[in-house]
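Enquirer: Next come a sequence and a model predicted from it.
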Amino acid sequence: MKMFYDQVDKAHFKEFMVGIKPNHYESTNTKRVRFIIAGAMVMFLMVLILIITCVYLSLNSASQSDIAHQKQQENTVEFTPGLFAYGPDKNGLISFSPRDHMTYMNYFNRLESSLADYSTLRQSANLDRYIHCDDNTTKVPHGKVCMLTLDKFGDNCASFDMYGINEGRPCVLLVLRPDDNMTPQPFDFSDGKNVDIKKKIGNRFSSKSVAVSCEGKTDKDQALMMRDNYTAMVDYNPPKGFPLFYFLERKTDGYLYPAVMVQFNTVPPNTRVNIVCTAWAKNFNNGQPQSGQKYSTEFAILLK
């Protein structure tokens with residue numbers, strides 16, 4: 001009898017175990033679901049990290065721009081009036097090899113820092129202060145500042161284009177800071193007046209802007225830059241120079257001094273070329289800005 005019950009119990013146990021044994025299909029399906037859920041969680045975390053990173057970089061970029069802007073505004077009082085070139089080092093030299101990033105990063109960073117004031121992002125975020133101005137603007141409301149954003153400096157002299165480094169066509173930012181009590185007056189070129197100056201400016205003249213020109217300091221320097229007759233030796237942006245409307249209101253916090261980006265297209269390699277740039281206004285240095293150091297600036301370019 002005992003043997004009979006043992007056999008019955010064993011039979012029931014086998015049936016019971018068969019009943020609770022996991023189905024192979026269900027097990028495979030469960031693993032697949034878990035895999036999909038795990039993959040979705042990983043993707044979600046990656047997207048979340050990417051969003052956080054983008055937000056951080058955006059805020060950090062704006063913060064750095066504001067810090068640089070604040071420093072430049074604080075240092076403005078230390079600047080003497082005149083025409084200033086940004087890009088050259090403290091010795092007035094731009095020297096690098098387009099093939100060696102170790103030689104051009106300092107130059108690149110100097111331009112990046114100098115352009116912080118003209119950040120499109122910072123100005124667009126403060127439209128209660130910055131307003132659009134043009135040659136028809138005759139008055140700037142108190143507390144307002146005319147916008148001057150990076151797009152005005154042309155496509156070739158931009159951060160994403162490495163300021164012309166890769167092509168061996170370096171860019172220089174020229175900033176004009178006249179005396180506080182002075183409103184620049186463009187030269188009059190009508191009726192054949194000021195012919196020599198007109199030759200330097202060419203068709204970039206405007207009665208509503210202070211023109212600027214850059215050339216070789218000596219005849220030898222100028223000849224070195226004339227190696228390619230089919231290429232403009234120098235490009236200017238804005239082409240007409242420094243618009244007069246930027247001088248209408250200069251005592252507002254956040255004021256932007258007008259600037260022109262200049263690109264040198266024909267500097268030969270392995271040869272030092274000395275450059276002189278001049279802002280042309282008839283009330284600068286008694287009508288001869290090229291003869292003084294205030295409204296003319298000099299630097300040199302050496303491409304390796």
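Expert: Nice, thanks for sending it over. These numbers come from a predicted model, not from an experiment.
Enquirer: just the helices in the stretch 151-300 of the chain please.
Expert: Using DSSP state H, counting those that start in this stretch, the helices assigned to the stretch 151-300 of the chain run over residues 195-201, 219-224.
Enquirer: Mean neighbour count and mean pLDDT for the ones you listed - can I get that in a markdown table?
Expert: Glycine gets a C-beta too; all of them are placed from N, C-alpha and C. Shown next, in a markdown table, are those (neighbours: other CB atoms under 10 Å; pLDDT from 0 to 100):
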| stretch | mean neighbour count | mean pLDDT |
| --- | --- | --- |
| helix 195-201 | 14 | 91 |
| helix 219-224 | 14 | 95 |
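Enquirer: Relative to K90, which of those helices is closest?
Expert: helix 219-224 (21.2 Å; CB to CB).
Enquirer: Sketch out the low-pLDDT regions of the chain for me.
Expert: Of all residues in the chain, those with pLDDT under 70 make up the ranges 1-33, 35, 42, 47-48, 50-79, 228-230.
Enquirer: how near is A259 to A125?
Expert: For A259, the distance to A125 under the criterion CB to CB, to the nearest Å works out to 20 Å.
Enquirer: next one: K282
Expert: Counting by CB to CB, the gap between K282 and A125 amounts to 38 Å.
Enquirer: Could you check which of these two has the larger neighbour count?
Expert: K282 (17 against 14; other CB atoms under 10 Å).
Enquirer: Isn't that one up against T183?
Expert: No - counting by CB atoms under 8 Å, K282 sits too far from T183 to count as a contact (11.6 Å).
Enquirer: So for stretch 153-168, what gets flagged as buried?
Expert: Neighbour counts using 16 or more other CB atoms under 10 Å place 153-154, 156-158, 162-165, 168 of stretch 153-168 among the buried residues.
Enquirer: what's the answer for stretch 98-116, then?
Expert: Buried residues in stretch 98-116, defined by neighbour count with 16+ other CB under 10 Å: 98, 104, 107-108, 110-111, 114-116.
Enquirer: Now find how far off-centre that stretch is within its chain.
Expert: Its chain's C-alpha centre lies 11 Å from the corresponding centre of stretch 98-116 when counted by CA atoms, centre = their mean, to the nearest Å.
Enquirer: what's next to that stretch, contact-wise?
Expert: Residues outside stretch 98-116 that contact it (CB atoms under 8 Å, 6 or more residues apart in numbering) are 64-65, 68-69, 72, 86-89, 94-97, 150, 153, 159, 162-163, 165-168, 170-171, 173, 175, 303-304.
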